[in-house]
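Undergrad: Okay, predicted coordinates and the sequence, questions at the end:
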Amino acid sequence: MGALDEVERHDDHGGRGHAHGGMDVALAGSDRGIRAVKVSLVALGATAGVQAFIVALSGSIALLADTIHNATDALTAIPLWVAFVVGRRKPTKRYSYGYERAEDLAGIMIVLVIAASAAVAAWEAVNRLIEPREVTHLPWVMAAAIVGFAGNELVAMYRIRVGKRIGSAALVADGHHARTDGLTSLGVLAGAIGVALGYDRADPIAGLVITVAILVVLWHATKTVFRRILDGTDETTVPLVESVAASVKGVEHVTSAKARWTGHALNAELEIQVRPELTVQDAHMIAEEVEHELLHAIPRLRGATVHIDPHGPVHYEGPMAHHRG
């Protein structure tokens, strides 16, 4: 992927071999995320700048819509950048789980920016349909559309790859946003070709098509971001936690398992049963081994809280009995 690929490859060492999840891995993920945000901000800013210059020359409403979309896509990197920086702060007494949920808040801001860009693009396209205006410098418009597609696709590939590598839903969503921007740039190219063939309304119609594409991205980004906010995970995550824990020697039964994301780090909570005659130390060692195996088996897992219960016919009506449904 050229220069963008080299930037990412530079930071793709470590994280192999016997590395475990934890704060160091989370911080490394934040570093990669910040680097991805910086690179994509510069790349998309340059792309939007080139397009804005040609919009001023040509008056193309489709290119204007695409330029607005590219500019807002570049700007969404700013809250994401801030979120990665804030998420690196150490936990405090007030925020004992840390600040990594700032990344989820940035995801909400990204969704709102995408929605705003759809509204602006639709408004401009409808106005141009009502009051048509001649589109000039068509070769330049076509060239700008090609630049927009190339710039966005490179950034999209980079963001999505880094986002998946560090477990950042917000960065992946922003990458898909950039990819759709690239496809809408091809819509601008189609509109310009239509105008060149004598159909003047092809340009604002292309602007409306771009708006629809933005709305599709908005829908998918919203689902991704809100799943994280509501502590949702991939459907295979919890079953994997259960199966890995159950495979550890000494675990008689996995009573329950939960997992949720905090920023781009995954956290798990389990209740397991062991033989009641074991010593506290032996039971603790089993719990440690469960967490150890989970850290090896599940990417981006920061850690697991493992609660021990006795297995078998032993029944203890402790003080928590009446709190359990």
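TA: Looks like it came in fine. Numbers count the residues shown, from 1 in each chain.
Undergrad: contacts and neighbour counts: CA atoms only from here.
TA: Fine.
Undergrad: Return the set of buried residues in stretch 110-119.
TA: Buried residues in stretch 110-119, counted by 16 or more other C-alpha atoms under 10 Å: 110-111, 113-118.
Undergrad: Enumerate every residue touching A52.
TA: Counting by C-alpha atoms under 8 Å, 6 or more residues apart in numbering, A52 makes contact with 64, 67.
Undergrad: Which strand or helix spans it?
TA: helix 23-58 (DSSP states H and E).
Undergrad: If I look at A19, what pLDDT would I see?
TA: pLDDT, A19: 46.
Undergrad: related to what we said a few turns ago, so how far is the helix holding A52 off the chain centroid?
TA: On the basis of C-alpha atoms, centre = their mean, to the nearest Å, helix 23-58 sits 15 Å off its chain's mean C-alpha point.
Undergrad: what do you get for stretch 248-267?
TA: With C-alpha atoms, centre = their mean, you get 22 Å for stretch 248-267.
Undergrad: How about residues contacting that stretch?
TA: In contact with stretch 248-267 (C-alpha under 8 Å, 6+ apart) are residues 26, 29, 87, 100-104, 166-169, 228, 231-233, 237-238, 241-242, 245-246, 268-275, 286, 289-290, 293, 300-304, 311.
Undergrad: mind listing the strands for the stretch 201-325 of the chain?
TA: Using DSSP state E, counting those that start in this stretch, the strands of the stretch 201-325 of the chain run over 253-262, 265-274, 301-310.
Undergrad: Adjacent strands (with direction) for the first one?
TA: Taking DSSP bridges as the criterion, strand 253-262 sits next to strand 265-274 (antiparallel) in its sheet.
Undergrad: Low-confidence bits of the stretch 201-325 of the chain, can you list those?
TA: 313-325 (pLDDT under 70).
Undergrad: And for the stretch 51-200 of the chain?
TA: In the stretch 51-200 of the chain, residues with pLDDT under 70: 61-62, 69, 73, 132-136, 183.
Undergrad: For it, which segments count as helices?
TA: Taking DSSP state H, counting those that start in this stretch as the test, the helices found in the stretch 51-200 of the chain are 61-75, 77-87, 102-130, 138-166, 169-196.
Undergrad: what is the orientation angle of the last one with helix 138-166?
TA: What it means is helix 169-196. 160 degrees (axes from the mean of the first three to the mean of the last three C-alpha atoms, to 10 degrees).
Undergrad: Name the residues of helix 169-196 that come out as buried.
TA: Buried-residue list, helix 169-196, by 16+ other C-alpha under 10 Å: 169-195.
Undergrad: and what of stretch 95-102?
TA: Result for stretch 95-102 [16+ other C-alpha under 10 Å]: buried residues 98-102.
Undergrad: end to end, how far does that stretch reach?
TA: Distance between the boundary residues of stretch 95-102 (C-alpha to C-alpha, to the nearest Å) amounts to 12 Å.
Undergrad: and that stretch, how far out from the chain's middle?
TA: 18 Å.
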